[in-house]
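A.B. asks: Return atomic coordinates for the entry below.
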Amino acid sequence: MRTLFSLLLIIFVSFQGKAQNIYTTLHINDAYEIGKKKPIKKIESKTVFYNVNNTEKRKEITYLNAHFRLTQEERYNEDDELIFKMVNEYEADTLKVKSTTTRKIPLFGNEITSTHYIYDDHHFLIRYEKYNAKNQLIEVVSIENDERGNPVFQVINNGELGYEKATYDYANNTYAAYIYKPKDELVSSSLYNTLNYEKPTDDNVFNEYGDLVSSLMFSFEYKYDPYGNWTKEIRYKKAGDKKIRNAEFTRKIYYE
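C.D. replies: Model prediction:
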């Protein structure tokens, strides 16, 4: 399935550019967004972004477990060079407990980090611990949750980089997030964020497969395989009465 969740991953980034944020925490144990009629081993994806002056190409290879959780992801640049790898470990195939990433940094080589996820007795996420390649603790994210297990307060390294708060309006399927610097200085706020993107709204139109076909900024076209999963997606940016090709996604899905 294709929802606004995928689009907003590039918008909701962590404050200070590296730490886990509330948006990430909310979706940390989500299943991979794809139809689940048949188990999937691997997905090979290629993306072309149509920029004003050029095109940008990317490739990803994704591996899923029996519960459609991401177990491994590999990202390649235009020269087919591996630039990022992530390996996830789960409890009971659904609760993420560890994530190890290898990121290629030009001139420096590979940066390897591992993040451990700690839960309370209700399986609510309460803490991240991030370690470098020498197994030295380099970052701690502490989380307070509401009665539904959603984060309401998240702080990095005891507040030395600031913190984030969230309030929820479950009746209207929205939440607000507030980012603060140390000493309680508000940096930015994001109000009326959608909590569950699979619930229809006036601005978002979905097709019979559950894929987004129209939003405020974009429209989409798809081609599907026999299991109802898209194999090609074209994204257009809306510009008045016109639509401009913005990106093209193709993927080969390997089923069990």
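A.B. asks: Secondary structure of Arg58: a strand, I assume?
C.D. replies: Yes: counting by DSSP: H, G, I helix; E, B strand; the rest coil, Arg58 is part of a strand.
A.B. asks: From Ile83, how far off is it?
C.D. replies: Relative to Ile83, Arg58 is positioned 9 Å away (C-beta to C-beta, to the nearest Å). All C-beta spots, glycine's among them, are computed from the backbone N, C-alpha and C.
A.B. asks: Common neighbours of the two, please.
C.D. replies: Any residue near both Arg58 and Ile83 by C-beta atoms under 8 Å, 6 or more residues apart in numbering counts here, and that gives Arg75, Tyr76, Asn77.
A.B. asks: my read: the first one touches Thr101, true?
C.D. replies: No: here Arg75 does not reach Thr101: they are 10.5 Å apart, not a contact under C-beta atoms under 8 Å.
A.B. asks: Now for the two: what residues contact both?
C.D. replies: Shared contacts of Arg75 and Thr101, defined by C-beta under 8 Å, 6+ apart, comprise Phe84, Lys85.
A.B. asks: for the nearest residue to Gly159 once chain neighbours are set aside, what are its contacts?
C.D. replies: The shortest distance from Gly159 to any non-neighbouring residue, by C-beta to C-beta, 6 or more residues apart in numbering, is to Pro182 (5.7 Å). Listed by C-beta under 8 Å, 6+ apart, the contact partners of Pro182 are Gly159, Glu160, Leu161, Gly162.
A.B. asks: ok, what's across the strand from the residue lying closest to Thr201 once chain neighbours are set aside?
C.D. replies: Using C-beta to C-beta, 6+ apart and skipping the chain neighbours, the partner closest in space to Thr201 is Thr194 (7.0 Å). Bridge pairing for Thr194 (DSSP bridges) gives the partners Thr174.
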